[in-house]
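Q: sequence first, then the predicted structure:
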Amino acid sequence: MLSLPINDQLSNLQAWQQNVFCMALAEQNITHFKMFSQAIGSEHGETAENILQLFWEKLTVKGAKINFTIQEENFDAIIPESNDYDFYGVYPAVDFCVITNCIFNSFSTKSKEEAINASQTSFATIASFIELQTDQEIDEATLLLEPLFIEHLAVQETVLKMLDNERSPELIKSIRAYIKSLESTNIGISTLDI
């Protein structure tokens, strides 16, 4: 696990803050899953988008009722098996699924680990992307100096700073709006074209 200054903060989030943090990272990276789904000619990207939308509604729409058990079954059915595909796109897609599972877990259990798990998974996507480009393994010291890593750490820090306010539907919507305003995933893929 990357030892980062934000790890302690992530471990001490309240339940709703943990929900939103995981949702924000999934929101930034859902493009990876949508691109993968398009590449294999499936509609799964739409399913994932609908499920993510339900999470946001749960926290911003008064009285919104969601059957998480059914939604988790729906989601589990679309998670790709990385060994079944021989192109890189499956890996960021699977990482998105791991982060989305962190959301489900953060709603259904009292685990304090889900925000950290989502954070580390998002950084792992960046590490594997850099390894793909350089064709060599990257160590933690090198990763910490990579522009993509530095940019994404700043995104995570911004979300944490925003979460350090009183809970309200407006605050939660503003965090989603911030993520959408980035217009790119954690590995720099435009979110506007898909």
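A: Yep, that arrived. Numbering: from 1, shown residues only.
Q: quick one, strands of the chain?
A: Applying DSSP state E to the chain gives no strands.
Q: break down it into its helices, ranges please.
A: According to DSSP state H, the chain carries its helices in the segments 6-11, 15-39, 44-60, 68-76, 90-108, 114-134, 140-143, 147-163, 169-182.
Q: for residue 191, find the nearest of those.
A: Between residue 191 and those, the shortest gap by C-beta to C-beta is with helix 15-39, which sits at 4.7 Å. Every C-beta, even on glycine, is put in place using the N, C-alpha and C of the backbone.
Q: let's have the helices of the chain in JSON lines, adding mean pLDDT, distance to residue 191 and mean neighbour count.
A: As requested, the helices of the chain are exported to JSON lines (pLDDT from 0 to 100; distance: least, C-beta to C-beta, whole Å; neighbours: other C-beta atoms under 10 Å):
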{"stretch": "helix 6-11", "mean pLDDT": "96", "distance to residue 191": "23", "mean neighbour count": "16"}
{"stretch": "helix 15-39", "mean pLDDT": "97", "distance to residue 191": "5", "mean neighbour count": "23"}
{"stretch": "helix 44-60", "mean pLDDT": "97", "distance to residue 191": "12", "mean neighbour count": "17"}
{"stretch": "helix 68-76", "mean pLDDT": "95", "distance to residue 191": "20", "mean neighbour count": "14"}
{"stretch": "helix 90-108", "mean pLDDT": "97", "distance to residue 191": "12", "mean neighbour count": "23"}
{"stretch": "helix 114-134", "mean pLDDT": "97", "distance to residue 191": "14", "mean neighbour count": "20"}
{"stretch": "helix 140-143", "mean pLDDT": "95", "distance to residue 191": "23", "mean neighbour count": "13"}
{"stretch": "helix 147-163", "mean pLDDT": "98", "distance to residue 191": "13", "mean neighbour count": "17"}
{"stretch": "helix 169-182", "mean pLDDT": "98", "distance to residue 191": "8", "mean neighbour count": "14"}
